[in-house]
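Novice: I would like to see how this sequence folds:
(one chain, ligands or ions: 1)
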Amino acid sequence: MTVLVTGGAGYIGSHTVRALVAQGRDVVVLDTLELGDRSRVDGVPFVKADIADGRAVERAVRRHGVTSAIHFAAYKAVGESMEQPLRYWSNNVAGSVALVRSLLATGVDRMVFSSSAAVYGTPERVPVTEDAPLRPESVYADTKVAIERLLATCGAVGLRSVSLRYFNAAGASDDASIGEDWDASQNLVPRVMKAIVTGEPMQVFGGDYPTPDGTCVRDYIHVLDLAEAHVAALDHLASGGATVTCNVGTGIGTSVAQVIDLAEQASGRRVPRTVGPRRPGDPSAVYADPTMARTLLGWTARRDLRDIVASAWRWHSSGR
Ligand SMILES: NC(=O)c1ccc[n+]([C@@H]2O[C@H](COP(=O)([O-])OP(=O)(O)OC[C@H]3O[C@@H](n4cnc5c(N)ncnc54)[C@H](O)[C@@H]3O)[C@@H](O)[C@H]2O)c1
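Specialist: Below you'll find the model as predicted:
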């Protein structure tokens, strides 16, 4: 009953591996370590390999008795995906096709997949429900749509799956031993932390949006809640649940200025910043309708933005 976790040495993957291990579940991590760190999953069976390497994946599945997979492995930098599209199509999409083929060849019939709210692009209305039109605005988002579609067709060949559309993952582990490194992420919370720790001003992209304080509104989801959503998705599939695509968010929209305020409260320091122009393609407000995850998976976020920012600060201020 082992769970294969691809990309398990990355940010979200490592928090999920720890959540699985804490519940006594058997796990094997498969990661190239190109962007991951082995020490985040110390003591967990580990295979250094690419998801596209069919022989390595099939060997890992057989050796560890894998019956399900959680598939995090991917490149995730939106800007980079526009500059190096083939790298993204190849690693994310071709890699996922190869992985699915290896899983089916070895009798693994369940997968949880890391999708993204980026598939919605600029939504017509918020909160966003899963039936909103898909309007990817980057190659990265295109690859997530393509893999969701791949998985939607795989029921016919025996693979059931849950695609989780993450909103803005953030925060760190309770023991402040793992978190989101600002060197590896363009996301807001690590950028705010970097500004506090280094004193280098961060840029706020746009202060003139039609939102209460003029800054963009997003749905920040604690990485530990996200980890729990994966466990719930695995349980849904283990109990015979059908293939489904679910938002994973809190349903609460929070502005950039609110995140900065909370970071100042948590750290007791000012966040040095400048307000610059809007970033092309940044919608003013995106947040989830998380009803489907609650009703189908029995999952709801338990932590709030204060918990996210406090945990990120504990991790960043403890020397990372
Ligand atoms: N961080 C977010 O806010 C966010 C939001 C939406 C979706 N996602 C998705 O969640 C997943 C995990 O994101 P993360 O933030 O933990 O990223 P991350 O970069 O920290 O982790 C990705 C891991 O995958 C590994 N990897 C990449 N390509 C691989 C391959 N071909 N074979 C094996 N390993 C490979 C990397 O070495 C890394 O350890 C990604 O699919 C990402 O697109 C992330």
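Novice: mind jotting down where the strands sit in the stretch 201-320 of the chain?
Specialist: 202-205, 217-218, 220-222, 244-248, 254-255, 273-276 (DSSP state E, counting those that start in this stretch).
Novice: pipe those into CSV and attach mean pLDDT and distance to Y140 per row.
Specialist: Using the backbone N, CA and C atoms, a C-beta is placed for each residue, glycine as well. Converted to CSV, the strands of the stretch 201-320 of the chain look like this (pLDDT from 0 to 100; distance: least, C-beta to C-beta, whole Å):
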stretch, mean pLDDT, distance to Y140
strand 202-205, 98, 18
strand 217-218, 98, 16
strand 220-222, 98, 18
strand 244-248, 98, 17
strand 254-255, 98, 23
strand 273-276, 98, 22
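Novice: looking at those strands, which is buried most?
Specialist: Per-stretch averages of neighbours, counted by mean count of other C-beta atoms under 10 Å, single out strand 220-222 among the strands of the stretch 201-320 of the chain, with a mean of 26.
Novice: sheet partners, orientation included, of that one?
Specialist: strand 168-170 (parallel) (DSSP bridges).
Novice: what does the partner strand contact?
Specialist: Contacts to strand 168-170, defined as C-beta atoms under 8 Å, 6 or more residues apart in numbering, come from residues 11-12, 117, 180, 187-189, 218-223, 226, 308, 312.
Novice: next: stretch 172-189.
Specialist: 11, 14-15, 18, 35, 40, 77-79, 168-171, 190-191, 193-194, 218, 220, 223-224, 256, 259, 263, 308-309, 311-312, 314-316, 318, 320.
Novice: of those, which are in range of the ligand?
Specialist: Among these, proximity to the ligand is found for 11, 35, 168-169 (C-beta under 6 Å from any ligand atom).
Novice: and the closest residue to G281 other than its chain neighbours, what is it in contact with?
Specialist: In space, G281 comes closest to E137 once its chain neighbours are excluded; the distance is 5.0 Å by C-beta to C-beta, 6 or more residues apart in numbering. E137 makes contact with 118, 121-122, 281, according to C-beta under 8 Å, 6+ apart.
Novice: from V119, how far out is E137?
Specialist: E137 sits 10 Å away from V119, going by C-beta to C-beta, to the nearest Å.
Novice: hang on, the earlier thing: for the strands of the stretch 201-320 of the chain, give me TSV that also has distance to N92.
Specialist: Listed next are the strands of the stretch 201-320 of the chain as TSV, based on distance: least, C-beta to C-beta, whole Å:
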stretch	distance to N92
strand 202-205	25
strand 217-218	22
strand 220-222	21
strand 244-248	17
strand 254-255	28
strand 273-276	30
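Novice: closest one to F113 among those strands?
Specialist: strand 244-248 (9.0 Å; C-beta to C-beta).
Novice: ok, then the element right after the lowest-mean-pLDDT helix or strand in the chain?
Specialist: Ranked by mean pLDDT, DSSP states H and E, the weakest helix or strand in the chain is helix 78-83, scoring a mean of 94. Under the assignment DSSP states H and E, the closest C-terminal helix or strand after helix 78-83 is helix 85-88.
Novice: buried stuff in that following helix?
Specialist: By 16 or more other C-beta atoms under 10 Å, the buried positions in helix 85-88 come out as Y88.
Novice: just stretch 273-287 next, same as before
Specialist: 273, 284-287.
Novice: which of the residues you listed sit farthest apart?
Specialist: R273 and Y287 (22.7 Å).
Novice: pretty sure L159 is touching G107, no?
Specialist: No: between L159 and G107 there is no contact, the gap being 10.5 Å when judged by C-beta atoms under 8 Å.
Novice: tell me which of the two has more neighbours.
Specialist: L159 (20 against 11; other C-beta atoms under 10 Å).
Novice: contact partners for the more buried one?
Specialist: 100, 103-104, 108-111, 151.
Novice: among those, name the buried ones.
Specialist: 100, 103, 108-111, 151.
Novice: okay if I get these as JSON lines plus distance to M292, pLDDT and secondary structure?
Specialist: Below are the buried ones among the contacts of L159 laid out as JSON lines (distance: C-beta to C-beta, whole Å; pLDDT from 0 to 100; DSSP: H, G, I helix; E, B strand; the rest coil):
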{"residue": "V100", "distance to M292": "23", "pLDDT": "98", "secondary structure": "helix"}
{"residue": "L103", "distance to M292": "25", "pLDDT": "98", "secondary structure": "helix"}
{"residue": "V108", "distance to M292": "25", "pLDDT": "98", "secondary structure": "coil"}
{"residue": "D109", "distance to M292": "22", "pLDDT": "97", "secondary structure": "coil"}
{"residue": "R110", "distance to M292": "19", "pLDDT": "98", "secondary structure": "strand"}
{"residue": "M111", "distance to M292": "18", "pLDDT": "98", "secondary structure": "strand"}
{"residue": "L151", "distance to M292": "16", "pLDDT": "98", "secondary structure": "helix"}
